[in-house]
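> pasting a predicted model and its sequence here:
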Amino acid sequence: MQAKTTILGVDPGSQLMGYALLEIQNNKPMLITMDVLSLTKYDDIYERLEKIHTKICSLISTYQPKMFAIEAPFFGKNVQSMLKLGRAQGVAIAAAMQYKIPVTEYSPKKVKQSITGNGNASKEQVWKMLQQILHIQEAPKYLDASDALSVALCHYYQTHHGLGQTQQKFKSWEHYIQLQEKKVQKK
């Protein structure tokens with residue numbers, strides 16, 4: 001991994017789109033910014049989609065992220081809502097692809113599991129963990145922003161922190177312990 005890299009996390013939405021940028025420096029995640037793009041003042045869905053595309057492109061131009069993580073749509077019963085959400089997600093992904101940034105999708109359950117250890121955690125529980133992990137004092141106005149941050153942090157954990165992939169194959173528990181000698185506390 002590079003000494004410094006940036007991850008753009010997105011919580012897609014056709015009314016509120018959460019976004020967050022997480023900088024990873026020397027294997028330590030730090031919040032750059034998080035906020036929402038409010039789309040409620042635009043009645044036309046196509047105008048909303050254009051605003052999403054413009055915002056993602058602007059964030060990419062400004063912060064130069066090397067990775068793009070987005071929350072996969074939650075499958076609900078309202079087909080029209082799912083269609084709008086899918087379009088919003090697709091436009092955000094297309095903007096990242098336009099800049100040749102690798103895109104990774106995570107289910108809401110996977111994100112919550114990565115941050116809190118509980119795939120059924122509430123948005124508030126996820127936010128409290130983010131505050132502790134990243135030492136954030138001020139709460140965002142909308143939890144869509146912290147949702148986007150949780151997607152970015154989930155991506156970091158899955159790709160760089162060793163939680164999502166095995167760094168090395170072990171022959172046995174003894175072999176594992178032998179290689180972890182520095183971490184073992186002896187009484």
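Sure thing, it's come through. All figures in this text were calculated on a predicted structure; none of them were measured in a lab.
> please report phi then psi for the residue nearest to the spatial centre of the chain.
Centroid-nearest residue in the chain, with C-alpha atoms, centre = their mean: Val151, separated by 1.8 Å. When read as degrees, to the nearest 10, the backbone of Val151 gives phi -70, psi -40.
> gap between it and Gln80?
24 Å (C-beta to C-beta, to the nearest Å). C-beta: built from backbone N, CA, C; applies to glycine.
> same check, this time on Pro65
According to C-beta to C-beta, Pro65 and Gln80 sit 31 Å apart.
> one more: Gln89?
Per C-beta to C-beta, Gln89 is found 15 Å from Gln80.
> using PDB, write down the CA coordinates of stretch 121-138.
Output of stretch 121-138 as PDB, limited to C-alpha atoms (Å, rounded to 0.1, in the frame of the first residue of the first chain):
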ATOM      1  CA  ALA A 121     -26.400  -2.300  14.200                       C
ATOM      2  CA  SER A 122     -28.400   0.900  14.100                       C
ATOM      3  CA  LYS A 123     -27.100   4.000  12.200                       C
ATOM      4  CA  GLU A 124     -26.600   5.600  15.600                       C
ATOM      5  CA  GLN A 125     -24.500   2.700  16.800                       C
ATOM      6  CA  VAL A 126     -22.400   2.900  13.700                       C
ATOM      7  CA  TRP A 127     -21.900   6.600  14.200                       C
ATOM      8  CA  LYS A 128     -20.800   6.100  17.800                       C
ATOM      9  CA  MET A 129     -18.200   3.600  16.700                       C
ATOM     10  CA  LEU A 130     -16.900   6.000  14.000                       C
ATOM     11  CA  GLN A 131     -16.500   8.700  16.600                       C
ATOM     12  CA  GLN A 132     -14.400   6.400  18.700                       C
ATOM     13  CA  ILE A 133     -12.300   4.900  15.900                       C
ATOM     14  CA  LEU A 134     -11.600   8.200  14.100                       C
ATOM     15  CA  HIS A 135     -11.700  10.600  17.100                       C
ATOM     16  CA  ILE A 136     -14.500  12.700  15.700                       C
ATOM     17  CA  GLN A 137     -16.200  15.200  18.000                       C
ATOM     18  CA  GLU A 138     -18.900  16.900  16.000                       C
END
